[in-house]
Each structure stands twice: as C-alpha cells, then as structure tokens.
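J.: Below: sequence and its predicted model.
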Amino acid sequence: MSFDRSIKIAPSILSADFANFGQEIRAVEEQGADWVHVDVMDGHFVPNITFGPATCKAIRPHIRGVMDVHLMISPVDQYIDAFAESGADFITAHLEAGPHIHRTLQAIRATGAKAGLALNPGTPAEAAKGLIDDVDLICVMTVNPGFGGQKFIRSQIEKVRALRAMIGDRPVHIEIDGGVDPTTAPLVAEAGADVLVAGSAVFKGGSVSNSAPYGENIRAIRAAAEAVLR
C-alpha cells in the first residue's frame, strides 16, 4: 500500500444500512470512496455497541480498497489478531484505551496491519509525540466517540496543525473522525489532514437503490478539502 497525502474520503458504515452492508460498501466505492471506515464500539470504552471481528470478516470481500478499522474498545490487545485476521488494512487503537499503548501499536504492526493511534478531543497532540515513529496513522477525534451525527469540535483544528508539524516528512496519515462535511473538511485539510471519515454526510439522501447522492456527497467533501490545497 503506497503512501501519499492526497485527500481520501472514508465513509463510515456506522451510517449505512446495516441490513445491506455489502451493497452499501460496493455503492460508496463505485461512487468514489477511497477507504471504508469501520467503527468498532464496545459499550464500555464508548457508550454504544456496534461491530466485531465477524462483521469485519463478512464485509471484507465486498471492499475493493482499504478497510480502516477504528477500535473504540478497551481492552484492545487481546482482539488485535482477530481484527487483523478479518482483513483490516489499518487497525487504530485509542491512546486512552489502556496503559501500554506502545505495546499495542507494536502488536498491531506485528500482524502485518498498519497501526493507527486515535486521540480523543481532550487528549493533547503532545501525548502522541513519542509514538510518531510507531504509527502509520493518527486519528483525531473531532467529536466525542460513541455516536455518529455529532457536531464538529473546532478546537481540534489546532491539534491537527500541531500533529502535522510533529510528523514532518514521515509517512503518517492524519485522519479526521467526526462532523466532517463540506464546511469542516477544508478546515482540517488546510491544517494537514488527508483522510476524512464521514458518515451521515456521505450517506444522507441516498440508498442502495439510489446511490447517486453518495457520489454527490463524496465529491462535495473532496472538492471543499482540495480547494484549500491548491
């Protein structure tokens, strides 16, 4: 998987039709999605329960591109192998999810998957400083994790800017998760983000039988983000 800093749109299937994941995934990829984002929640680390490794394994054959698995769970380590075996390309763990995040990141990379580090809104950028060389992606939560459709937290823009400065020329993606739409996308893109997770902003107005709105939504987010990079 080659690295580049072009804008990538990663629809979150948390906003898709749960009864039609396979068709929904094919639809958003055909409409221009770059990655597919899977929000795994345990009802403990965050106040919601979503998917596990079995779901990831079931949807993997439908994903032609990157499967980006975001673990909002605690503990993490004993589940890493199962998510890697399900076909995850990226596995992201929260810095706040356990006492030994360095060990967790090493364990993710040991499976052959790319390692991601997620930071909650209340966690400063400086907390990631000693881990930059151990990650392939840093996910900045721009909402409090647990539910889709929340309002974007604007204070996180400066965190993105600080992380981009820390990363320098290292091949590390900055991902934004929460409240991404054509209004907020350019704010985080200008600050240095390149992977934009969007749920309701992608899936609104469309369906498996009418997927054209997915493409319109994806193009609108991408165009808004890319406009500030020209």
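T.: Received it, and whenever you're ready, just let me know what you need.

J.: can you give me the strands for this protein?
T.: Applying DSSP state E to the chain gives strands spanning 8-11, 35-41, 66-72, 90-94, 114-119, 137-141, 173-177, 195-198.

J.: what would these look like in a markdown table with mean neighbour count and distance to Ala19?
T.: Every C-beta, even on glycine, is put in place using the N, C-alpha and C of the backbone. Listed next are the strands of the chain as a markdown table, based on neighbours: other Cβ atoms under 10 Å; distance: least, Cβ to Cβ, whole Å:
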| stretch | mean neighbour count | distance to Ala19 |
| --- | --- | --- |
| strand 8-11 | 26 | 17 |
| strand 35-41 | 25 | 16 |
| strand 66-72 | 25 | 20 |
| strand 90-94 | 27 | 26 |
| strand 114-119 | 23 | 28 |
| strand 137-141 | 26 | 27 |
| strand 173-177 | 25 | 24 |
| strand 195-198 | 28 | 21 |
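
J.: Turn those strands into JSON lines, columns for distance to Ala128 and mean pLDDT.
T.: Listed next are those as JSON lines, based on distance: least, Cβ to Cβ, whole Å; pLDDT from 0 to 100:
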{"stretch": "strand 8-11", "distance to Ala128": "20", "mean pLDDT": "98"}
{"stretch": "strand 35-41", "distance to Ala128": "20", "mean pLDDT": "97"}
{"stretch": "strand 66-72", "distance to Ala128": "16", "mean pLDDT": "98"}
{"stretch": "strand 90-94", "distance to Ala128": "11", "mean pLDDT": "98"}
{"stretch": "strand 114-119", "distance to Ala128": "6", "mean pLDDT": "98"}
{"stretch": "strand 137-141", "distance to Ala128": "6", "mean pLDDT": "98"}
{"stretch": "strand 173-177", "distance to Ala128": "10", "mean pLDDT": "98"}
{"stretch": "strand 195-198", "distance to Ala128": "16", "mean pLDDT": "98"}
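
J.: Could you work out which of those reaches nearest to Gly215?
T.: Closest approach to Gly215 among these is made by strand 8-11 (10.6 Å; Cβ to Cβ).

J.: neighbouring contacts of that closest one?
T.: For strand 8-11, the external contacting residues (Cβ atoms under 8 Å, 6 or more residues apart in numbering) are 28, 32-37, 66, 68, 173, 175, 194-199, 202-203, 214, 218, 221-222.

J.: roughly how far apart are Ile138 and His173?
T.: Ile138 is 7 Å from His173, where distance means Cβ to Cβ, to the nearest Å.

J.: cool, and Leu117?
T.: 11 Å.

J.: Spit out the residues that contact these two alike.
T.: With Cβ under 8 Å, 6+ apart as the test, Leu117 and His173 both reach Leu137, Ile138.

J.: Any regions of this protein where pLDDT drops low?
T.: Applying pLDDT under 70 to the chain flags the ranges 147-149.

J.: unless I'm mixing things up, Gln150 is touching Asn144, no?
T.: Yes. The pair Gln150 / Asn144 is scored as a contact, 6.9 Å apart, by Cβ atoms under 8 Å.

J.: now the helix ranked longest in the chain against strand 173-177, angle please.
T.: The helix that spans the most residues within the chain, counting by DSSP state H, is helix 212-227. Here the directions of helix 212-227 and strand 173-177 differ by 130 degrees (axes from the mean of the first three to the mean of the last three Cα atoms, to 10 degrees).
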